[in-house]
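J.: no sequence for this one, just the structure:
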Ligand SMILES: NC(=O)C1=CN([C@@H]2O[C@H](COP(=O)(O)OP(=O)(O)OC[C@H]3O[C@@H](n4cnc5c(N)ncnc54)[C@H](O)[C@@H]3O)[C@@H](O)[C@H]2O)C=CC1
Ligand SMILES: O=C(O)[C@H]1O[C@H](OP(=O)(O)OP(=O)(O)OC[C@H]2O[C@@H](n3ccc(=O)[nH]c3=O)[C@H](O)[C@@H]2O)[C@H](O)[C@@H](O)[C@@H]1O
């Protein structure tokens, strides 16, 4: 099948690469000409495990190409995927400007009957709107069918998720179009769920909102555990044994970040509001999430008194491990707060520094070395649970830091291990481990 993909971000690029790998001829189009040049040279730009090799393999086999021109890119395409961004407007609603532009680009350049597949996350009703925009702007008298095919991949495991996802949702009112999209995806061997367009659009938002709810729920339980002496990790493990609940998405921590949960939860609240429904539950989920990084910050402030002039180490910048994506990363809020209170921040991340610098600027020191970051620090915040961070030898914290106080926002270490180490340790939803009898109380700390 000859396929064009509009937008080469995380979703468009991964979709294009994987569809080419299962044998389709794919051309990925982007308006960013610089990006297109780099993609043509085999540089995936984003960090995603396995992506670069798969991309190069399919470019070499002439199944995958890139274009900065819609006319060239859309010529002869039987199926066109839309994978452009749907960022957040000021009021929280989804910004559909890129979607409308892509729809117009399609209308002006297709010369044969086309199935248009929306991968981007869009509010209910958008596919209908896409169809209208295309119909109004069509240059050639061809038939266009729209299909909602929401994407469920996660950053950091996008390739794996595409090849072995739980389901492929196909929303359309056209049986033939549904059949074409099912056939395209057939080599993945993933169960297909067919439904109407509006329900497919809602499945995406409802899924992200539900996962976000699980995270905020366990974070609230963690906050109560801290007050009552229970251990949230034990609580989550015990809850997860119930098949109806399941063990996933019950890791307490600094809350969810990333390019999707924050914007999609806000968009769903807005969508509900547009239909006179006050989505109180989801509003609370968002509120709990916004407070979570500050909860750890307050704990640290209470312990240290103030941050003025203190070297504070931050381990992890990306919103989660295995990605360089800094969008809505909890590290941002925490670091901004630390800087505001006069801390000298040094932050470690193995791959997100370039993106972090664009958001956080040069008011802090960036490092790709954990040892360097910890050196002489008066407190350490663990923000992203990179394997490298989880594998830190606890003795290093004592050896490198001026005074080894750790505020672990991702519960990276077992309390039993911490008890045997000479560190003072505060985590999420678990008992504090002061170990002070083992430690000489540090000069600048209370
Ligand atoms: N990032 C993720 O993990 C996931 C994202 N999604 C959804 O997929 C959509 C895309 O997300 P990302 O890939 O993260 O976006 P992104 O922002 O990384 O990439 C979008 C790309 O589209 C290009 N673009 C914009 N307008 C264009 C046009 N008219 N023609 C050609 N190219 C155009 C931009 O230059 C950019 O390269 C969003 O709706 C998002 O909510 C869904 C599941 C996972
Ligand atoms: O729509 C999207 O963009 C995607 O959003 C999420 O994927 P992603 O944001 O890449 O990452 P997740 O692994 O879901 O993690 C999101 C955030 O939640 C946090 N999280 C996750 C799980 C958990 O138990 N606790 C927790 O705090 C992570 O640290 C991270 O900040 C969904 O998992 C994907 O299915 C969806 O396609």
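T.: Structure's in. What do you need? Quick caveat, the model's predicted, so the values are computed rather than measured. Numbers count the residues shown, from 1 in each chain. Ligands and ions are numbered 1, 2, ... in the order given.
J.: quick one: low-confidence ranges for this structure?
T.: Filtered on pLDDT under 70, the chain yields the residue ranges 436-446.
J.: quick check: residues of it near ligand 2?
T.: 121, 151-155, 208, 211, 215, 249-251, 253, 255-261, 319-320 (CB under 6 Å from any ligand atom). Yep, even glycine has a C-beta here, placed from its N, CA and C like the rest.
J.: now list the buried members of these.
T.: Among the residues of the chain next to ligand 2, those buried by neighbour count (16 or more other CB atoms under 10 Å) are 121, 151-155, 208, 211, 215, 249-251, 253, 255-261, 319-320.
J.: now, those that are in helices?
T.: Applying DSSP state H to those, the entries found in helices are 208, 211, 215, 261.
J.: make a markdown table out of the residues you listed and add distance to residue 396.
T.: Listed next are those as a markdown table, based on distance: CB to CB, whole Å:
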| residue | distance to residue 396 |
| --- | --- |
| 208 | 37 |
| 211 | 34 |
| 215 | 30 |
| 261 | 33 |
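J.: OK, contacts around the residue of the stretch 1-150 of the chain at minimum distance from ligand 2?
T.: Taking CB to the nearest ligand atom, ligand 2 has its nearest neighbour within the stretch 1-150 of the chain at residue 121, 5.8 Å off. Contact analysis of residue 121 by CB atoms under 8 Å, 6 or more residues apart in numbering lists 86, 94, 150-151, 204-205, 208, 260, 264, 267.
J.: could you do residue 388 as well?
T.: 350, 370.
J.: just give me how far stretch 186-206 sits from the chain centre.
T.: Distance, stretch centre to chain centre, for stretch 186-206: 20 Å (CA atoms, centre = their mean, to the nearest Å).
J.: is ligand 1 contacted by it?
T.: No. Against ligand 1, stretch 186-206 shows no contacts by CB under 6 Å from any ligand atom, the least distance being 7.4 Å.
J.: quote the end-to-end distance of that stretch.
T.: Between the opening and closing residues of stretch 186-206 there is a gap of 25 Å (CA to CA, to the nearest Å).
J.: can you tell me which of the contacts of residue 121 is nearest residue 325?
T.: The closest of these to residue 325 turns out to be residue 260 (CB to CB; 10.0 Å).
J.: from residue 406, how far off is that closest one?
T.: Plainly put, residue 260 is 30 Å away from residue 406 if you go by CB to CB, to the nearest Å.
J.: now residue 166
T.: 36 Å.
J.: who's more crowded, these two?
T.: Using other CB atoms under 10 Å as the criterion, residue 166 and residue 406 rank with residue 406 on top: 27 against 10.
J.: close enough to count as contact, the more buried one and residue 380?
T.: Yes. At 4.9 Å, residue 406 and residue 380 qualify as touching, with contact defined as CB atoms under 8 Å.
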